[in-house]
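Trainee: Got a predicted model here, sequence first, then my questions.
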Amino acid sequence: MGKPTLLLVDDDALFLRTLGGALERKGYAVRTAETGEGALAAVTDAPAEVIFLDLMLGEQSSLPLIEPLLAACPGARLIMLTGYASVATTVAAMRLGATDYLAKPVGLGEVLQALGPGKPETGQDSPEPPPQPIPLARVEWEHIQRVLADHDGNISAAARALGVHRRSLQRKLAKRPPPPPPRD
């Protein structure tokens, strides 16, 4: 059985070039798209067996793309990639047909592990250690930013949605965001 054909969909051109190149060096046939329209056109031309889809393409959620992409590629696996990992988006993506969910920043080892049924193709006899989890303070900061964006920057509305007092939210926003976890 050969390696599956891949479609990488992300609005970050550098990420696409880097990950796509690394996967091609591992022997995968890789196509890329930076927009939802580009992704739908790519699968119309030639279906993919595995689709990596970024949760946010520009300012738009890519969740509405899951069903059309999977309809164009029957039997394909769809793996979500996102810097906005949350339980709600994970559940929504899985309900729509995603088979896996990887939080960015994601390394080649994690992508290879998601592609293969067993250990990643790194030549190691033992599996890689799990990635370092995102610190709780960083998850909280990202969640606050997402809710604030959902409410068009309105702190009072975001505070109500989060169930906290407006002043508490303002104090949290005044702090610097915690750094993301280090990558290997």
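Mentor: Arrived safely.
Trainee: dump the residue contacts of the residue nearest the centre of the chain.
Mentor: Against the mean C-alpha coordinate of the chain, by C-alpha atoms, centre = their mean, the closest residue is L81 at 1.4 Å. Residues in contact with L81 (C-beta atoms under 8 Å, 6 or more residues apart in numbering) are D10, F52, L53, D54, L55, L102, K104, V106. (Glycine included, C-beta is placed from N, CA and C.)
Trainee: Can you tell me the element it falls in?
Mentor: Element membership for L81, per DSSP states H and E: strand 77-82.
Trainee: Can you tell me what sits against the helix or strand that that strand is followed by?
Mentor: The first helix or strand that comes after strand 77-82 along the chain, using DSSP H and E, is helix 87-96. Helix 87-96 is contacted by residues L55, L63, I66, E67, M80, T82, Y101 when judged by C-beta under 8 Å, 6+ apart.
Trainee: Recalculate using a threshold of 6 Å.
Mentor: L63, I66, E67, M80, Y101 (C-beta atoms under 6 Å, 6 or more residues apart in numbering).
Trainee: ranges for the helices of the chain?
Mentor: Counting by DSSP state H, the chain has helices at residues 13-25, 36-45, 66-72, 87-96, 108-115, 136-150, 155-162, 166-174.
Trainee: wait, which of those helices is closest to K3?
Mentor: Nearest to K3, of all the helices of the chain, is helix 108-115, at 8.0 Å by C-beta to C-beta.
Trainee: Take the contacts of helix 87-96 and write them to TSV, including pLDDT and neighbour count.
Mentor: Output for those, formatted as TSV (pLDDT from 0 to 100; neighbours: other C-beta atoms under 10 Å):
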residue	pLDDT	neighbour count
L63	88	17
I66	90	20
E67	91	12
M80	89	25
Y101	87	18
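Trainee: Among the residues you listed, which one sits closest to A159?
Mentor: Distances from A159 to the contacts of helix 87-96, taken by C-beta to C-beta, are shortest for L63, at 25.6 Å.
Trainee: pLDDT value on the residue nearest to that closest one when sequence neighbours are not counted, please?
Mentor: Of all residues not flanking L63 in the chain, A92 sits nearest, at 5.8 Å (C-beta to C-beta, 6 or more residues apart in numbering). We have a pLDDT of 83 for A92.
Trainee: now do the one 3 residues further on
Mentor: The score at R95 is 88. That number is its pLDDT.
Trainee: ok so, going back, dump the contacts of L81 to TSV, plus neighbour count and pLDDT.
Mentor: Listed next are those as TSV, based on neighbours: other C-beta atoms under 10 Å; pLDDT from 0 to 100:
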residue	neighbour count	pLDDT
D10	25	90
F52	27	93
L53	24	90
D54	23	89
L55	24	85
L102	18	87
K104	19	79
V106	19	81
